[in-house]
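Asker: How does the following fold in three dimensions:
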Amino acid sequence: MNADGQIPSRRWTLLFGSFLPLTVVVLVPLLITKWHWCPVTLSLGPFRWLGLVPICVGAMLGIWPAVLLVTRGQGTPAPWDPPQRFVLAGPYQYVRNPMMLGVFGVLFGEAILAESLALLLYLGIVIGGVCWYVIAIEEKGLEARFRDAYLVYKERVPRWLPRRPRSLHSG
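Answerer: Residues are numbered from 1 along each chain as shown. Model prediction:
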């Protein structure tokens, strides 16, 4: 705690920012696969190891944008310490929510690797919750904070399916 009795934002964010994603992509999937509550499994044989590809790509997509928000955005991914500057670099040029795509990729890879339909169901629930949050809360906050810059960005960069960037500077 600092002299004002408050936890410094960046330290708190580092702690919570690590805890939440690890809970979503590690702890809950471990609990789901250990409970064996879903008797139906996928049978992929050696192809299950292909699940490592989306896990690795997803981990990169989860970490890289977060680093950009801290280093270029002068903030964090956490709602209580948001970026102060608009970030249009790295994966943010191709898709508006690269960190969430990273989480989805990790969960999809875990479902394949574990041959678990229950994890695929969990992934669907996570996608639904994230979509609701992004549309109902996050985008409204970004519009309020960055105004026209975000509106132009929103018009030219897709929310979920990456594509080649269109110039954000043309009229």
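
Asker: For the rest of this, base every contact and every neighbour count on C-alpha atoms.
Answerer: Fine.

Asker: tell me which element the residue nearest to L123 when sequence neighbours are not counted is part of?
Answerer: Leaving aside its sequence neighbours, L123 sits nearest to L107 (C-alpha to C-alpha, 6 or more residues apart in numbering; 6.1 Å). Per DSSP states H and E, L107 falls inside helix 98-114.

Asker: Can you name every helix or strand that that helix contacts?
Answerer: Applying 3 or more C-alpha pairs under 8 Å, 6 or more residues apart in numbering; DSSP states H and E, we find helix 98-114 packed against helix 28-35, helix 52-71, helix 117-133.

Asker: Quick check: the residue nearest to L123 vs L69, distance?
Answerer: Distance, L107 to L69, by C-alpha to C-alpha, to the nearest Å: 23 Å.

Asker: Looking only at neighbour counts, state which of these two leads.
Answerer: Counting neighbours by other C-alpha atoms under 10 Å for L107 and for L69 shows that L107 has the greater number, 26 against 22.

Asker: Would you mind listing the residues in contact with that one?
Answerer: By C-alpha atoms under 8 Å, 6 or more residues apart in numbering, the contact set of L107 is 25, 29, 55, 119-120, 123.

Asker: Drop anything exposed from those.
Answerer: Buried members of those, counted by 16 or more other C-alpha atoms under 10 Å: 25, 29, 55, 119-120, 123.

Asker: Y94: which of those residues is nearest?
Answerer: Set against Y94, the nearest of these by C-alpha to C-alpha is I55 (19.8 Å).

Asker: which residues sit in contact with the closest one?
Answerer: 105-110.

Asker: What does the pLDDT read for the closest residue to it other than its chain neighbours?
Answerer: In space, I55 comes closest to V106 once its chain neighbours are excluded; the distance is 4.1 Å by C-alpha to C-alpha, 6+ apart. V106 is assigned a pLDDT of 96 by the prediction.

Asker: Just to check, V106 is in contact with L61?
Answerer: No. The criterion here is C-alpha atoms under 8 Å, and V106 misses it with L61 at 9.5 Å.
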